[in-house]
Structures are given as C-alpha cells and as structure tokens.
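A.B. asks: Sequence first, predicted model second:
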Amino acid sequence: MAFVIKNMNMYFKEINDYSTLKGYLDKKHPMHTSVFKSEQREAMTFKTYGAAQKFKHEYGIPGNIIEVIASTKPFIINQKDKIKVRNRLDAFYDSALKKTREDIEKMIAGSENNFNHMAKDILKIRTTTLNQFLRNPYEIGWNTRKKIMDRLEEYFEGAGIK
C-alpha cells in the first residue's frame, strides 16, 4: 500500500523550487510552488501515512491523504508500437509483459550474478537488453520481447516450475 496527497481531483506530484532564480523573477513570485497532476500514477507516493502527514504539514500542501494500491511501474509505449485503436489483446499483452518482468525480477532478486546468469544463459540476450526490458519492454523491438517471453516460458517448463 502507498499513500498520496489528493486535492479535489488532482494528485500532488512535486514542489518546484525557484530560490536559485531569485534575481530573475518578480519580487512577489513564490519561492516554492506545488505541482499537481490529474493522473494518480504521476503522484508522489509515501510508504506510511505518518510520512505523508509530516510532508504535507511541513510544506503546507492542501488536500487529503488517501491510500492507494501501489502498482508496478507503468510502461511507456513507443510511437512505433502504438496502434490507433487499442483492442482487448493489448491489455492481455501488457499483462503478459508485466508478469514476465515480475518473474525475472523475482529470479534476479538484486544479485548481479543472478542478473548475468539470467541474461546470458537463460534468456540468451545481452545484459543491456535485459536492463532495457526491465526498465520498459517497449524500448526494445517486438521480436526481442517475444524471444524473452518464449525463452523464459521454456525455462520454466524445463525446470517444471509452471
């Protein structure tokens, strides 16, 4: 679970600091401004309610603190892969990519040796490609994404995991 600050229908994202531009701005210009976004995924998240409450009071941010379900990092779709009309298979493909990424992250578990073993031996790709896939699968070509998904599935079938 995560907590965000919500004011009306907008979510708090960040505080812009203008103190370095002091001589260039009008005297009445505020030194700090709060940035609010309409989408929840862009909001600044807090791990605990107390941390959100402290931040809100410290910087005088208006709004209420609400609890949201923390989700995995969203994908940013390249213009090449974007289809004008999304169909229901796109949602299935996105969920399959997220599941693949979660499986890889579980197997790596922060170890560099596991990361190199995953990239070179199991998936048979370069480590930079695996890094790109974990950051955003749409940064790499569709055929590489398919290879990664297929090879991971073959590995699980061979190991008898799934």
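C.D. replies: Good, I have the coordinates.
A.B. asks: Please name the residues that touch the closest residue in space to Ser38 that isn't next to it in sequence.
C.D. replies: Nearest residue to Ser38, sequence neighbours excluded (CB to CB, 6 or more residues apart in numbering): Met10, at 5.9 Å. Bear in mind the C-beta positions are built from the backbone N, C-alpha and C, glycine included. For Met10, the contacting residues are Phe36, Lys37, Ser38, by CB atoms under 8 Å, 6 or more residues apart in numbering.
A.B. asks: Asn7 versus the second one, what's the distance?
C.D. replies: Spelled out, it's Lys37. According to CB to CB, to the nearest Å, Lys37 stands 11 Å off from Asn7.
A.B. asks: got it, and Thr100?
C.D. replies: Distance, Thr100 to Asn7, using CB to CB: 37 Å.
A.B. asks: ok, the longest strand seen in the chain: who's next to it in the sheet?
C.D. replies: What stands out as the longest strand in the chain, according to DSSP state E, is strand 10-17. Looking at strand 10-17 with DSSP bridges, its partner strands are strand 2-7 (antiparallel), strand 32-37 (antiparallel).
A.B. asks: now the ones you listed in CSV, with mean neighbour count?
C.D. replies: Converted to CSV, the strands paired with strand 10-17 look like this (neighbours: other CB atoms under 10 Å):
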stretch, mean neighbour count
strand 2-7, 19
strand 32-37, 14
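A.B. asks: Now the top helix by length along the chain: average pLDDT?
C.D. replies: With secondary structure taken from DSSP state H, the chain has its longest helix at helix 88-108. What helix 88-108 shows for mean pLDDT is 81.
A.B. asks: Kindly report the same for stretch 151-162.
C.D. replies: The pLDDT scores in stretch 151-162 average 82.
A.B. asks: Can you give the distance of that stretch from its chain's centre?
C.D. replies: In terms of CA atoms, centre = their mean, to the nearest Å, the centre of stretch 151-162 is found 26 Å from the chain centre.
A.B. asks: I appreciate the help and will end here.
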